[in-house]
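*Asks:* Structure here, sequence nowhere to be found:
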């Protein structure tokens, strides 16, 4: 009788119509595939049942989070292969019903059903968000979504992010620089783009654990209001502010950006927060920030962007990210972001793509997580740690392959006089 690994490899290749460039190790100890390739470990038949009941990305994610699937060897290489087989082939968009019109696909599915054995659909891992996917982006739903992602535990984030406690793309002077140096350079870059001077007021929207607020107050002498929807972040940030002796210049609030009423501010920073706003509410978000700025005030909007699609109506939120990482998060192309900011009244003065910087940042975060894996599992759960490892490694590859990008958009509330306050040359390019 053929061993499970060989049967599984043959059926999967029949299903996707191309050779698998990973080695498979099945629950019976059998192996099949290239000997020097990363190993996809299928720990039990339940992994197959997850894929059969929920074909595509979400089924794979559930099997990974539950520990039914594992990867041995280079994680990035294995994910690159899987991306080519599943995500980039558009299997989810095509749908299983259409795929089953192919007799070979039907035969492969029947073979997988026999190999998996009869069973009811396995319950999703407890780390999966269970709620209607309606992306309403009400204050209540946004607070719940933010809590899911950020209230995982400050100790866990310390392990992953390192001493800087900055959860957004660093700005690398060189690939071999330290993560802490690159994150400090990013904070300084934001402050310099905003042209902060002593005595000004800065609103930091989505302030995280307070790193930018502290840096801006300490290094540039500004007064800062940082807002977040995460109770855990706010408590951590307030302690850091107190330890730095900056309570007279930095205030941390648990507050929605839609509820800020104490403008005007001289500058607004929104670093890695706008992805949570939602496409339908983005214009109002931009208008709210515009209204909070004094004439001549600057906004620095740092935001992940997706590639535009030929038919934008076909865009759908990534199932794994939506179910396990950023519930209700939405990405939009950089052109859409710029247009919405301009519609709100801003003059967009600079757009800087720092896509490669995020890939470097994510690889360092993954390395931090893997280096202290046992403690990470203890601080959260095995499933949660696996979610973070998968999403950060897969995201690093997406940035490297230009599937997604990240941009800093500098915009000004230019007054009627037209005096933007910007220098004639805002950036210096190296030859």
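*Replies:* Yes, it's here. All figures in this text were calculated on a predicted structure; none of them were measured in a lab.
*Asks:* Can you pull the poorly scored residue ranges out of the stretch 1-150 of the chain?
*Replies:* For the stretch 1-150 of the chain, the stretches flagged by pLDDT under 70 are 1-2, 84-102, 104-105, 131-150.
*Asks:* mind listing the helices for it?
*Replies:* 4-16, 45-53, 57-66, 75-82, 91-94, 96-99, 103-116, 139-150 (DSSP state H, counting those that start in this stretch).
*Asks:* low-confidence ranges in the stretch 151-300 of the chain?
*Replies:* 151.
*Asks:* In this structure, where's the longest helix?
*Replies:* Longest helix of the chain, by residue count under DSSP state H: helix 382-400.
*Asks:* And it, how far out from the chain middle?
*Replies:* Relative to the centre of its chain, helix 382-400 is centred 9 Å away, using CA atoms, centre = their mean, to the nearest Å.
*Asks:* Packing partners of it?
*Replies:* Applying 3 or more CB pairs under 8 Å, 6 or more residues apart in numbering; DSSP states H and E, one finds that helix 382-400 contacts helix 57-66, helix 75-82, helix 355-371, helix 373-379, strand 404-412. To be clear about C-beta, it is placed using only N, CA and C from the backbone, and glycine gets the same treatment.
*Asks:* Helix or strand for residue 224, just tell me which one.
*Replies:* strand 223-228 (DSSP states H and E).
*Asks:* let me fix that: residue 252
*Replies:* strand 250-254.
*Asks:* Show me what counts as buried in that strand.
*Replies:* 250-252 (16 or more other CB atoms under 10 Å).
*Asks:* Give me the sheet partners of it and which way each runs.
*Replies:* strand 223-228 (parallel) (DSSP bridges).
*Asks:* Next SSE downstream of the partner strand?
*Replies:* Past strand 223-228, the next helix or strand by DSSP H and E is helix 231-243.
*Asks:* Sort out which residues of that following helix are buried, please.
*Replies:* 232-234, 236-238, 240-241.
*Asks:* What lies in contact with stretch 409-422?
*Replies:* 193-195, 290, 293-303, 334, 337-338, 341, 345-352, 426 (CB atoms under 8 Å, 6 or more residues apart in numbering).
*Asks:* Narrow the residues you listed to those that are buried.
*Replies:* Buried subset of the contacts of stretch 409-422 (neighbour count, 16+ other CB under 10 Å): 193-195, 290, 293, 297-303, 334, 337-338, 341, 346, 348-349.
*Asks:* Inside strands: which ones of those residues?
*Replies:* Counting by DSSP state E, the buried ones among the contacts of stretch 409-422 place 293, 297-303, 348-349 in strands.
*Asks:* how near is the closest residue in space to residue 198 that isn't next to it in sequence to residue 246?
*Replies:* Distances taken as CB to CB, 6 or more residues apart in numbering put residue 221 closest to residue 198, at 3.2 Å, once the chain neighbours are dropped. To residue 246, residue 221 is 11 Å away according to CB to CB, to the nearest Å.
*Asks:* With neighbour numbers in mind, choose between the two.
*Replies:* Taking neighbours as other CB atoms under 10 Å, residue 221 and residue 246 compare with residue 246 leading, 19 against 13.
*Asks:* what's near enough to touch that one?
*Replies:* 214, 217-218.
*Asks:* from memory residue 162 sits against residue 180, does it?
*Replies:* Yes - Residue 162 is within contact range of residue 180, at 6.1 Å (criterion: CB atoms under 8 Å).
*Asks:* Can you mark which positions in stretch 50-63 are buried?
*Replies:* Result for stretch 50-63 [16+ other CB under 10 Å]: buried residues 50-52, 54-63.
*Asks:* distance between the ends of it?
*Replies:* Stretch 50-63 has its terminal residues 6 Å apart, counting by CA to CA, to the nearest Å.
*Asks:* For it, which outside residues touch it?
*Replies:* Counting by CB under 8 Å, 6+ apart, 46-47, 66, 68-69, 82, 86-87, 91-92, 96, 109, 112-113, 116, 121-122, 124-125, 128, 318-320, 323-324, 390 sit against stretch 50-63.
*Asks:* got a list of contacts for stretch 20-36?
*Replies:* Contact with stretch 20-36 is made by 3-6, 8-9, 12-13, 37-45, 72, 78, 81-82, 85, as judged by CB under 8 Å, 6+ apart.
*Asks:* Could you check how many residues crowd around the nearest residue to residue 282 once chain neighbours are set aside?
*Replies:* Leaving aside its sequence neighbours, residue 282 sits nearest to residue 340 (CB to CB, 6+ apart; 5.1 Å). Residues lying near residue 340 (other CB under 10 Å) number 20.
*Asks:* contacting residues for residue 340?
*Replies:* 282-283, 286.
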